[in-house]
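Novice: take this sequence and fold it.
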Amino acid sequence: MADFQSTVEEQGPVRRVLTVTVPPERVAGEFDRAYRRLGGRVRVPGFRKGKVPRRVLEMRFGEEVREEVVTELIETTCADAIKAEGLDVVSRPRLIQHELDEQTGLRFEAMVDVRPQFELKPYKGLAADLRVVRVEEEDVDRALAALRERYAMLETEEDRVNVSMGDVVVADLAAFCDGEPLEQATGQGVQIEVGAGRFPEELEKQLVGVTRGIETPILVRFEQDHPDPALAGKLVRFDVTVREIKNKILPALDDEFAAEVGIEGCDTLEALRAKVREDLERRERMEAERRMRNDLLSALVEAHDFEVPETLVDQQLVRMLRDMGVREIPDDKVAEVRAALEPSAVKQVRAGFILDAIAQAEGLEVTEDELRDAIKRQFVAAGSQVDAVRSHYERPGAVAALRQDMLRDKALDRVVELATQRDVEVDRSQVADTR
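Specialist: Predicted structure coming up:
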């Protein structure tokens with residue numbers, strides 16, 4: 001019989017408040033054990049180790065022991081109560097309040113989110129179009145042009161003093177906003193291809209005509225929706241000093257270039273073009289498969305309407321912002337950002353629960369070998385960052401989260417496998433960005 005009592009109060013479809021009472025006898029026993037452990041390891045002047053009276057320990061360490069015992073009791077009995085009540089919890093419990101009394105014991109309340117209950121809609125035989133973008137000759141030309149860029153030579157032009165469109169310059173940049181330095185936009189020896197669009201458009205445009213060796217101020221107004229809050233909507237002054245002006249020399253597009261690229265079986269330009277087309281067509285098919293997976297998942301989400309835990313939505317919002325490179329949002333922008341991203345976050349959380357239900361219905365599982373192989377692949381891909389990956393998987397719940405992601409991928413694979421697919425060749429303009 002459990003040495004605690006618990007009750008559950010429903011607060012909506014996915015939220016429960018758990019009330020747990022731990023009897024004074026158990027609380028007293030935990031305090032006894034805590035003081036015995038403490039007495040065996042601390043030294044107090046005037047007493048031999050292990051012989052310090054409890055009243056002395058209480059005077060010196062009472063608050064620390066109390067916090068330790070209460071924390072351990074709450075964590076242990078909360079987990080036991082969740083199991084005893086049969087709650088399918090999907091987030092960490094949040095402590096609402098607790099009371100400790102010598103006569104009545106420990107009583108606490110914790111809020112938990114539980115898995116939504118819903119009817120799984122049909123997921124077999126869903127109609128799906130595999131929309132493969134047609135590869136045109138212009139696509140092949142662009143790919144070959146990019147390949148030429150990779151083999152381009154840069155030649156420093158010692159006699160040139162003014163920057164022109166298309167030049168590659170090496171410059172020192174010092175950025176300032178509201179009179180304060182902007183470290184993230186400051187650098188020495190920065191290489192900029194003028195007009196390539198890799199830097200702010202206004203910066204590249206105003207580089208044209210700049211004189212080498214002379215510090216030149218350039219003012220750039222950043223867009224309101226810039227992903228870096230420190231730059232969004234701000235007027236930034238760049239003090240630019242061009243150190244070198246280089247001319248890009250592209251190789252001729254001929255058989256000699258094809259041989260230099262060194263792709264097996266592509267010694268002529270004609271063979272290289274055929275290989276480039278083949279690669280583009282393979283990539284387009286892979287993109288079409290990705291789009292079809294997204295279309296099927298979107299159709300499943302649209303077919304279901306159930307509430308999801310707000311805690312998980314908040315976590316998904318954090319992941320979305322992190323993927324966008326946003327680490328901090330100004331206080332006056334929080335509501336606006338949340339309103340823009342929350343609908344997508346809710347759908348992604350809902351999609352996860354739907355895939356969980358499909359995995360259960362199909363009897364899918366992730367084996368230990370599959371899990372180990374996935375982690376090993378991450379170690380290999382991490383390269384010099386392998387220690388960071390190892391530290392990640394040492395955190396509580398990290399391996400379980402990976403297993404869940406893999407199981408959901410398997411569930412979506414199964415939906416795709418069961419779908420009624422139709423190959424459709426489309427123009428690029430007919431394909432929306434569904435990333």
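
Novice: contacting residues around stretch 323-340?
Specialist: Taking contacts as C-beta atoms under 8 Å, 6 or more residues apart in numbering, the residues outside stretch 323-340 that touch it are 227-229, 232, 317, 321. From N, CA and C alone the C-beta is placed, and that goes for glycine too.

Novice: let me see the mean pLDDT of it.
Specialist: Across stretch 323-340, the average pLDDT comes to 83.

Novice: and what of stretch 72-87?
Specialist: 95.

Novice: in it, which residues are buried?
Specialist: 73-74, 77-78, 81-82, 85, 87 (16 or more other C-beta atoms under 10 Å).

Novice: assign a three-state SS to residue 9, would you?
Specialist: strand (DSSP: H, G, I helix; E, B strand; the rest coil).

Novice: quick one: the strands in this structure?
Specialist: 5-10, 15-22, 94-101, 105-113, 127-133, 153-156, 168-177, 180-181, 187-193, 216-221, 235-249, 420-426 (DSSP state E).

Novice: export those to a markdown table and tack on mean neighbour count, distance to residue 65 and mean pLDDT?
Specialist: Converted to a markdown table, these look like this (neighbours: other C-beta atoms under 10 Å; distance: least, C-beta to C-beta, whole Å; pLDDT from 0 to 100):
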| stretch | mean neighbour count | distance to residue 65 | mean pLDDT |
| --- | --- | --- | --- |
| strand 5-10 | 14 | 25 | 96 |
| strand 15-22 | 19 | 16 | 97 |
| strand 94-101 | 12 | 12 | 95 |
| strand 105-113 | 20 | 14 | 96 |
| strand 127-133 | 18 | 61 | 95 |
| strand 153-156 | 11 | 68 | 93 |
| strand 168-177 | 18 | 51 | 95 |
| strand 180-181 | 10 | 48 | 92 |
| strand 187-193 | 14 | 53 | 95 |
| strand 216-221 | 15 | 59 | 95 |
| strand 235-249 | 17 | 55 | 95 |
| strand 420-426 | 12 | 64 | 93 |
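
Novice: can I get those strands in TSV with distance to residue 405?
Specialist: Listed next are those as TSV, based on distance: least, C-beta to C-beta, whole Å:
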stretch	distance to residue 405
strand 5-10	29
strand 15-22	24
strand 94-101	24
strand 105-113	19
strand 127-133	22
strand 153-156	43
strand 168-177	39
strand 180-181	41
strand 187-193	37
strand 216-221	40
strand 235-249	39
strand 420-426	24
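
Novice: out of those strands, the one nearest residue 294 is which?
Specialist: strand 127-133 (10.3 Å; C-beta to C-beta).

Novice: name the residues that touch stretch 297-316?
Specialist: 12-15, 90-91, 113-114, 116-118, 121-123, 126, 342, 345-351, 353-355, 412, 415.

Novice: what average pLDDT does it get?
Specialist: Mean predicted confidence for stretch 297-316 is 96.

Novice: still on that earlier bit, and the contacts of stretch 323-340, which of them are buried?
Specialist: Using 16+ other C-beta under 10 Å, the buried ones in the contacts of stretch 323-340 are 232, 317, 321.

Novice: so which of those residues comes closest to residue 253?
Specialist: residue 232 (41.4 Å).

Novice: ok, and the closest non-adjacent residue to the closest one?
Specialist: residue 226 (4.2 Å; C-beta to C-beta, 6 or more residues apart in numbering).

Novice: any idea how many residues pack against residue 275?
Specialist: Using other C-beta atoms under 10 Å, residue 275 has 16 other residues around it.

Novice: now the phi/psi pair for the nearest residue to it once chain neighbours are set aside, please.
Specialist: Excluding the flanking residues, the one nearest residue 275 by C-beta to C-beta, 6+ apart is residue 266, at 5.0 Å. The phi/psi pair for residue 266 (degrees, to the nearest 10) reads phi -120, psi 60.

Novice: surely residue 129 meets residue 295?
Specialist: Yes. Counting by C-beta atoms under 8 Å, residue 129 does reach residue 295; the two are 7.3 Å apart.

Novice: go ahead and confirm residue 9 touches residue 16.
Specialist: Yes. Contact status for residue 9 versus residue 16: in contact at 6.8 Å, counting by C-beta under 8 Å.

Novice: out of the contacts of stretch 297-316, which sit inside helices?
Specialist: 342, 345-351, 353-355, 412, 415 (DSSP state H).

Novice: tell me how this protein divides into domains.
Specialist: 5-113, 153-249, 281-430 (automatic domain parsing).

Novice: relative to residue 144, which of those is closest?
Specialist: The nearest among the domains of the chain, by C-beta to C-beta, is domain 281-430 at 15.0 Å.

Novice: can you lay out the domains of the chain as JSON lines showing distance to residue 257?
Specialist: Shown next, in JSON lines, are these (distance: least, C-beta to C-beta, whole Å):
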{"stretch": "domain 5-113", "distance to residue 257": "56"}
{"stretch": "domain 153-249", "distance to residue 257": "13"}
{"stretch": "domain 281-430", "distance to residue 257": "22"}
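
Novice: contacting residues for residue 8?
Specialist: Per C-beta under 8 Å, 6+ apart, neighbours of residue 8: 16-19, 85, 87.

Novice: and those, which is closest to residue 399?
Specialist: Using C-beta to C-beta, these come closest to residue 399 at residue 87, 22.2 Å.

Novice: for that closest one, grab phi and psi.
Specialist: Dihedral angles for residue 87 - degrees, to the nearest 10 - are phi -90, psi 130.

Novice: leaving out sequence neighbours, find the closest residue to it.
Specialist: residue 114 (5.5 Å).

Novice: how many neighbours does the one you found have?
Specialist: Residue 114 has 21 nearby residues by other C-beta under 10 Å.

Novice: can you check the one 4 residues further on too?
Specialist: For residue 118, the count of nearby residues is 15 (other C-beta under 10 Å).

Novice: chain neighbours aside, what residue packs nearest to it?
Specialist: residue 306 (4.2 Å).

Novice: would you map the helices across the stretch 301-435 of the chain?
Specialist: Ranges of helices in the stretch 301-435 of the chain, per DSSP state H, counting those that start in this stretch, are 310-323, 334-362, 368-382, 386-393, 398-418.

Novice: which residues touch the last one?
Specialist: Same thing as helix 398-418. With C-beta under 8 Å, 6+ apart, helix 398-418 has contacts from 123-126, 128, 292-293, 296-297, 300, 352, 355-356, 358-359, 362, 364-366, 370-371, 374-375, 392-393.

Novice: could you give me the ChimeraX syntax to select whichever of the residues you listed are buried?
Specialist: Those of these that count as buried under 16+ other C-beta under 10 Å are selected in ChimeraX with:
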select :123,126,128,292,293,296,297,300,352,355,356,358,359,364,366,375
